[in-house]
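Q: below are the sequence and a predicted model for it; my questions follow.
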Amino acid sequence: MLAAGRTYVDICERLHATAPTISLWKKRFVQYRVAGLVGERHPGQKPTVITPKLQAKVLAATQRKPKDGSTHWSCRKLAKELGLSKDTVHRIWRIAGLRPHRLERYMASNDPEFESKAADIIALYLDPPQHAVVFSVDEKSAIQALDRLDPVLPMSPGRAERHGFEYYRHGTLSLYAALDVATGKVHGRTAPRHTSEEFVIFLEQVVGQCKPSQEIHIILDNLSAHKTKTVEAFLKAHPNVHLHFTPTYSSWLNQVEIWFARIERDVIARGVFTSVQDLARKLMRYIRAYSQSARTFQWKYSDVTRRIPC
């Protein structure tokens with residue numbers, strides 16, 4: 001085909017080959033003629049056999065820090081260090097389930113009452129008191145009303161939505177949210193700041209939606225604003241309300257945190273807000289729409305062997 005004057009592109013399409021392959025065999029033919037096309041002359045590199053000894057060597061090296069001061073290995077860096085191919089290192093990593101480029105973070109609770117507090121909250125999720133209502137409550141503070149200085153370029157085929165780098169801050173507000181564990185519906189309220197007084201106003205609104213004298217259980221974190229004299233006065237005035245505090249550094253026990261991650265992704269992260277009032281309006285619009293088709297979170301903690309140490 002080359003002698004007939006066909007181009008590399010044409011040959012690649014017809015033979016499903018690559019240009020380097022065509023060039024390599026052309027060079028061998030030019031140098032050795034027909035003898036250059038005999039396969040025995042080009043045995044190639046022997047395949048690497050991944051033995052248990054080689055696996056152990058690679059895994060041991062992976063667990064040591066690189067000598068150049070970097071924090072972790074890459075396939076190519078470790079392959080060069082051990083005199084192997086990057087594919088061999090990658091296969092051994094894949095067999096062992098190692099991904100050095102990945103990092104997971106955790107927060108260990110130091111609460112001496114971790115077990116009892118966690119059990120209390122999990123019981124409210126799995127087996128709540130009869131005729132009682134359970135709310136998962138928290139606040140998302142200092143949400144910024146960011147306005148883009150440049151026009152937002154909408155998504156189009158082959159191109160993602162694009163935002164300008166520069167923005168203008170119109171101010172901040174806090175969002176209080178109460179997730180009804182039994183229905184998945186959310187009651188929300190925005191406030192200029194997150195204070196104990198604002199928190200009590202929000203609790204009064206939540207309690208006002210329930211039946212008179214209905215037993216109400218509220219799951220919340222250990223924020224100082226949740227333990228003030230104002231809150232104590234509210235609890236004395238509403239003896240049917242019971243607060244259940246999560247253990248320290250255990251926000252994952254609070255289901256409303258899952259919902260906060262959703263509103264962050266759906267509204268806040270890519271939102272354009274012309275004012276604090278515009279931010280509040282869009283947050284509340286999302287909450288109303290969400291509650292119309294809300295579903296409960298299937299929260300579970302199935303592997304007890306993976307408990308967070310305390």
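A: Nice, I can see it. Values in this document were obtained by computation on a predicted structure and should not be read as measured data. Numbers count the residues shown, from 1 in each chain.

Q: from here on, contacts and neighbour counts on C-alpha atoms
A: Noted.

Q: so Trp259 versus His187, what's the distance?
A: 12 Å (CA to CA, to the nearest Å).

Q: again but with Asp180, I slipped
A: 8 Å.

Q: doesn't Pro129 belong to a helix?
A: No - assigned with DSSP: H, G, I helix; E, B strand; the rest coil, Pro129 falls outside any helix and is coil.

Q: more neighbours, Trp259 and His187?
A: His187 (20 against 17; other CA atoms under 10 Å).

Q: next, the buried residues of the lengthiest helix in the chain.
A: Scanning the chain for the longest helix, with DSSP state H as the assignment, gives helix 276-292. Judged by neighbour count using 16 or more other CA atoms under 10 Å, the buried positions of helix 276-292 are 276-277, 279-280, 282-284, 287.

Q: do the same with stretch 195-205
A: For stretch 195-205, by 16+ other CA under 10 Å, it's 196, 198-200, 202-203.

Q: shaky segments in the protein?
A: 39-48, 299-310 (pLDDT under 70).

Q: now do the strands in it.
A: 133-148, 167-180, 186-191, 216-220, 241-245 (DSSP state E).

Q: what is the longest one packed up against?
A: Okay, so that is strand 133-148. strand 167-180, strand 216-220, helix 256-263 (3 or more CA pairs under 8 Å, 6 or more residues apart in numbering; DSSP states H and E).

Q: what's the most buried one of the ones you listed?
A: strand 216-220 (a mean of 22; mean count of other CA atoms under 10 Å).

Q: give me the residues contacting that one.
A: Under the contact criterion CA atoms under 8 Å, 6 or more residues apart in numbering, strand 216-220 has outside partners 121, 132-138, 207, 240-246, 254.

Q: just the buried members of the residues you listed?
A: Buried among these by 16+ other CA under 10 Å: 121, 132-138, 207, 241, 244-246, 254.

Q: among those, which two are most distant?
A: Across those, the two members that end up farthest from each other (CA to CA) are Val207 and Thr246, 20.4 Å apart.

Q: the longest helix of the chain versus strand 167-180: what angle between them?
A: 30 degrees (axes from the mean of the first three to the mean of the last three CA atoms, to 10 degrees).

Q: gap between helix 276-292 and the chain center?
A: 23 Å (CA atoms, centre = their mean, to the nearest Å).

Q: so which elements touch that helix?
A: strand 167-180, strand 186-191.

Q: turn the ones you listed into CSV, including distance to Ala269.
A: What follows is the helices and strands packed on helix 276-292, written out as CSV (distance: least, CA to CA, whole Å):
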stretch, distance to Ala269
strand 167-180, 13
strand 186-191, 17
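
Q: for Lys57, find the nearest of those.
A: That would be strand 167-180 among these, by CA to CA, at 51.1 Å.

Q: pairing partners for that closest one, with directions?
A: Applying DSSP bridges, strand 167-180 is found paired with strand 133-148 (antiparallel), strand 186-191 (antiparallel).

Q: quick one, helices of the stretch 1-150 of the chain?
A: Taking DSSP state H, counting those that start in this stretch as the criterion, the stretch 1-150 of the chain carries its helices at 8-15, 19-32, 52-62, 75-82, 86-96, 114-126.
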